[in-house]
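J.: Provide a 3D model corresponding to the input given below.
(chains A and B)
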Protein chains: 2
Amino acid sequence: MKVLVINNLLKEKHKEQIRRTTYMIGGDVVFVDSGKDIPGDFEDCDIIYGFGIENAKKNKNLKWLAVPSAGVDFLMKPGIFANEECMITNSSGAYGVSIAEHIIAVSLMMMRKLDLVYRESLAGKWSSPRPQRSLKDSRILVLGTGDIGCSFAKRARSFEPESITGVCRSGRCDEEAFDSIRKTEALDELLPETDLLVMSLPDTPETRNVLSRERIALLPEGAYVVNVGRGSAIDENALADSLDEGRLAGAALDVFRNEPLPEDSRLWKTRNLLITPHVAGNLTLDHTLNMNVDMFCGNLKNYGNGLPLKNLIDRNKGY
Amino acid sequence: MKVLVINNLLKEKHKEQIRRTTYMIGGDVVFVDSGKDIPGDFEDCDIIYGFGIENAKKNKNLKWLAVPSAGVDFLMKPGIFANEECMITNSSGAYGVSIAEHIIAVSLMMMRKLDLVYRESLAGKWSSPRPQRSLKDSRILVLGTGDIGCSFAKRARSFEPESITGVCRSGRCDEEAFDSIRKTEALDELLPETDLLVMSLPDTPETRNVLSRERIALLPEGAYVVNVGRGSAIDENALADSLDEGRLAGAALDVFRNEPLPEDSRLWKTRNLLITPHVAGNLTLDHTLNMNVDMFCGNLKNYGNGLPLKNLIDRNKGY
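T.: Okay, the predicted model is just below:
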């Protein structure tokens, strides 16, 4: 069994952990930096851990692609897999901590106007304080109650918000950090009662444009929006209009319809829009990388022992 | 009994609340914007709520000065009070929520390099992510376990740090958000085991220069410092040296030895130093202002009924 690992960020301890697990199940492993050539005898590998699309396109022997990301939308197009039966797993569960910290950070930056204060401090200006807002007593709505939404809700809880409501397809979720869980159908009713809207949705046909121009208009004046899921969930132009008009108080986007965000995008100049370059779930965070490798190795053991894989993607649902 | 209120930020509901309380105890009240003239018949007022130093200097009848701030160091110099027996109360307890949010915000901004990401985004740059750090698994040391330190610790707890240690003069504090509470004497032993040092100390002879050059050198490489108490607690030059050398990973200062920070201060140009202009406990936050007025009105009732005042300053201790 041949395991190909394509991940530049792995440290020696991670490689050792993967080596040990592979040998334990009687396999062989090779580590390749992304963009570099794959050794000839691994071109027909059984398993890839990494963003191995190039190999997947021609390798009919590929049985399992384990991606280090939570999102897998880029694998859902036709023609990606030479072997149509190839299993896909994602690394959902590794990013909750990092992305939850990001959401808290950007929400507080906006609410406390720290972006503006910082900008003036760069010019050596001791700027007058501006009216500040607070997570305390805020009504928080979280779209997507997976690992990320739950990890955020647990942290947000300690800031004593008025309420934290989760929204998911099924309306079910066992995370007690939410005051209530509602189905997606309730969105139009919930948006007008929202001070901070947090979006951590995968890209699927159902989530595309879920925050449409009409729904942005349902948010109350002075609301904030944070998106860490996928850019396709938001009508970016409508959001920019609402920010430029000053109706929304701020938005923090880590994901965009086009990444990197094109140089001529109007979003760069949109008022009160905090742009971060898809860094919320950055693998440079020790904890995230450790968990990512742990999860792959756990699954690799399962694979070797003929057990079902965790985080297996349902191609019909797209997540 | 004459009550003089000097506070520009009060809304009509706050004035109404103060009026009602004053009338209840048989007093009379007037509201004056700071810097504006005090009506002649209130120059000999009994009580001031606000920063009424000008009046305190000449009003021998002043019995109680209630300041809306937590810090009172500026009242500890000789010659401030015409009536040496005048009681002073502060508003400690009103700022915990706001300042705790500030500490979390600036800590995450630094650890996740959001200041740098934001700076590049202002120039329209989709900047490569840099190594990030996390509150998760961090060792946090909190100097000052009052309202602010405790409110911060409660919030920090939800980020799953490795430890949160509180340090105070007595070594006692009943806040369960701390893993342990130590006396100030243990500081030299604790600093080398600290990833994030949070300082929320009042200005007293004992806290001055508590973070000296020698103690800064005890912090491990890559540590972060946040100060929201008083600038006098830190040897600013030694801190700037350590940041410029890259030994410390970052510092966020909301308070300084000289405020506003002079235009020619080297701190404006110090590497990885996040400067905020004393805004952590800003009264523009609704919750903070409401609590501030609630606390004053509660004390005013006590005063009218001959009960002891809360938050009474001990002039010997200075807090």
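J.: give the contact list for the residue of the stretch 201-319 of chain A at minimum distance from chain B.
T.: Relative to chain B, the nearest point of the stretch 201-319 of chain A is residue A:260 (3.9 Å; C-beta to the nearest C-beta). C-betas here are computed from N, CA, C, even on glycine. Applying C-beta atoms under 8 Å, 6 or more residues apart in numbering or on different chains to residue A:260 gives the contacts A:277, B:126.
J.: how does it look with 10 Å?
T.: Contact analysis of residue A:260 by C-beta atoms under 10 Å, 6 or more residues apart in numbering or on different chains lists A:277-278, B:125-127.
J.: pick out the most distant pair among those residues.
T.: The largest distance within the contacts of residue A:260, taken as C-beta to C-beta, falls between A:278 and B:125 and amounts to 13.7 Å.
J.: find the residues that touch each one of those two.
T.: With C-beta under 10 Å, 6+ apart as the test, residue A:278 and residue B:125 both reach A:260-261.
J.: distance from the chain centre to the longest helix along chain A, please.
T.: Counting by DSSP state H, the longest helix found in chain A is helix A:286-304. Distance of helix A:286-304 from its chain centroid, counting by C-alpha atoms, centre = their mean, to the nearest Å, is 18 Å.
J.: likewise stretch A:58-74?
T.: Going by C-alpha atoms, centre = their mean, the spacing between the C-alpha centre of stretch A:58-74 and its chain's C-alpha centre is 17 Å.
J.: same thing with stretch A:311-319?
T.: Here stretch A:311-319 is found 16 Å from its chain centre; the criterion is C-alpha atoms, centre = their mean.
J.: which residues sit against it?
T.: With C-beta under 10 Å, 6+ apart as the test, stretch A:311-319 has contacts from A:64-67, A:70-73, A:75-76, A:81, A:84, A:87-94, A:144, A:146, A:169, A:201-207, A:295-296, A:298-299.
J.: cool, stretch A:22-31 as well?
T.: For stretch A:22-31, the surrounding residues in contact (C-beta under 10 Å, 6+ apart) are A:1-8, A:10, A:14-15, A:18-21, A:38-39, A:41-42, A:45-47, A:49-50, A:297, A:300-305.
J.: name the residues of it that are buried.
T.: Residues of stretch A:22-31 classed as buried by neighbour count (16 or more other C-beta atoms under 10 Å in any protein chain shown): A:22, A:27, A:29, A:31.
J.: how much space separates the most centrally placed residue in chain A from residue A:198?
T.: Centrality entry for chain A: nearest residue to the mean C-alpha point is residue A:229, 4.5 Å, by C-alpha atoms, centre = their mean. Distance, residue A:229 to residue A:198, using C-beta to C-beta, to the nearest Å: 9 Å.
J.: please enumerate the shared neighbours of the two.
T.: Residues touching both residue A:229 and residue A:198 by C-beta under 10 Å, 6+ apart: A:143-144, A:148-149.
J.: those residues in strands, which ones?
T.: Under the assignment DSSP state E, these contribute residue A:143 to strands.
J.: near chain B, list only the ones from the shared contacts of residue A:229 and residue A:198.
T.: Among the shared contacts of residue A:229 and residue A:198, no residue sits close to chain B (C-beta under 10 Å from any C-beta of the partner chain).
J.: what's the most distant pair in the shared contacts of residue A:229 and residue A:198?
T.: Spatially, the most separated pair among the shared contacts of residue A:229 and residue A:198 is A:143 and A:148, at 10.6 Å (C-beta to C-beta).
J.: any shared contact partners between those two?
T.: Residues touching both residue A:143 and residue A:148 (C-beta under 10 Å, 6+ apart) are A:198-201, A:229.
J.: among those, which pair sits farthest apart?
T.: Spatial extent of these (C-beta to C-beta) is set by the pair A:198 and A:201 at 10.2 Å.
J.: hmm, back to that, what subset of the contacts of stretch A:22-31 is buried?
T.: Burial by neighbour count, judged by 16+ other C-beta under 10 Å, picks out A:2-7, A:10, A:14, A:18-19, A:21, A:38, A:42, A:45-47, A:49-50, A:297, A:300, A:303 from these.
J.: now, those that are in strands?
T.: A:2-6, A:47, A:49-50.
J.: which single one of these is nearest to residue A:250?
T.: If you rank those by distance to residue A:250 using C-beta to C-beta, residue A:50 comes first, at 35.8 Å.
J.: show me what contacts the closest residue to the closest one other than its chain neighbours?
T.: Once flanking residues are discounted, residue A:50 sits nearest to residue A:6: 3.0 Å by C-beta to C-beta, 6 or more residues apart in numbering or on different chains. Residue A:6 sits next to A:30-36, A:38, A:48-55, A:68 when contact means C-beta under 10 Å, 6+ apart.
J.: put the buried members of the residues you listed into a PyMOL selection.
T.: Selection of buried members from those for PyMOL, criterion 16+ other C-beta under 10 Å:
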select buried, chain A and resi 31+32+38+48+49+50+51+52+55+68
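J.: so of the contacts of residue A:6, which ones are in strands?
T.: A:30-32, A:48-50.
J.: and the helices in chain A?
T.: For chain A, the helices defined by DSSP H occupy A:12-24, A:53-58, A:96-111, A:114-122, A:147-157, A:187-190, A:213-218, A:236-244, A:286-304.
J.: possible to save those as a markdown table with distance to residue B:173 and mean pLDDT?
T.: Supplementary listing: those in a markdown table, determined by distance: least, C-beta to C-beta, whole Å; pLDDT from 0 to 100:
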| stretch | distance to residue B:173 | mean pLDDT |
| --- | --- | --- |
| helix A:12-24 | 38 | 97 |
| helix A:53-58 | 55 | 94 |
| helix A:96-111 | 25 | 97 |
| helix A:114-122 | 29 | 94 |
| helix A:147-157 | 23 | 96 |
| helix A:187-190 | 40 | 98 |
| helix A:213-218 | 45 | 98 |
| helix A:236-244 | 43 | 98 |
| helix A:286-304 | 29 | 95 |
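J.: for these, which one ends up most surrounded?
T.: Greatest average neighbour count among these goes to helix A:96-111 (a mean of 26), per mean count of other C-beta atoms under 10 Å in any protein chain shown.
J.: run the chain-centre distance for that helix.
T.: Distance of helix A:96-111 from the chain centroid (C-alpha atoms, centre = their mean) equals 13 Å.
J.: what does the stretch 151-300 of chain A put close to chain B?
T.: So the stretch 151-300 of chain A meets chain B at A:151, A:153-160, A:177, A:252, A:254, A:256, A:259-265, A:267-269, A:273-288, A:290 (C-beta under 10 Å from any C-beta).
J.: mind checking which of those residues are in strands?
T.: Under the assignment DSSP E, these contribute A:252, A:273-275 to strands.
J.: by neighbours, which of those residues wins?
T.: Neighbour counts for these (other C-beta atoms under 10 Å in any protein chain shown) peak at residue A:252, which has 25 neighbours.
J.: who does that one bridge with?
T.: Residues found in beta-bridge contact with residue A:252 (criterion: DSSP bridges) are residue A:226, residue A:274.
J.: ok, it - contacts?
T.: Applying C-beta under 10 Å, 6+ apart, we find residue A:252 in contact with A:102-103, A:105-107, A:109-110, A:115, A:198, A:224-228, A:272-276, A:280, B:114.
J.: what about residue A:192, how many neighbours?
T.: Using other C-beta under 10 Å, the number of residues around residue A:192 comes to 11.
J.: from residue A:223, how far out is it?
T.: Remark: distance between residue A:192 and residue A:223 (C-beta to C-beta) = 9 Å.
J.: follow-up on the earlier one: TSV for the helices of chain A, including distance to residue B:314?
T.: Listed next are those as TSV, based on distance: least, C-beta to C-beta, whole Å:
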stretch	distance to residue B:314
helix A:12-24	54
helix A:53-58	69
helix A:96-111	34
helix A:114-122	34
helix A:147-157	36
helix A:187-190	50
helix A:213-218	53
helix A:236-244	49
helix A:286-304	44
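J.: re the thing from before, export the ones in strands among the residues of the stretch 151-300 of chain A next to chain B to JSON lines and tack on pLDDT?
T.: Converted to JSON lines, those look like this (pLDDT from 0 to 100):
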{"residue": "A:252", "pLDDT": "98"}
{"residue": "A:273", "pLDDT": "98"}
{"residue": "A:274", "pLDDT": "97"}
{"residue": "A:275", "pLDDT": "97"}
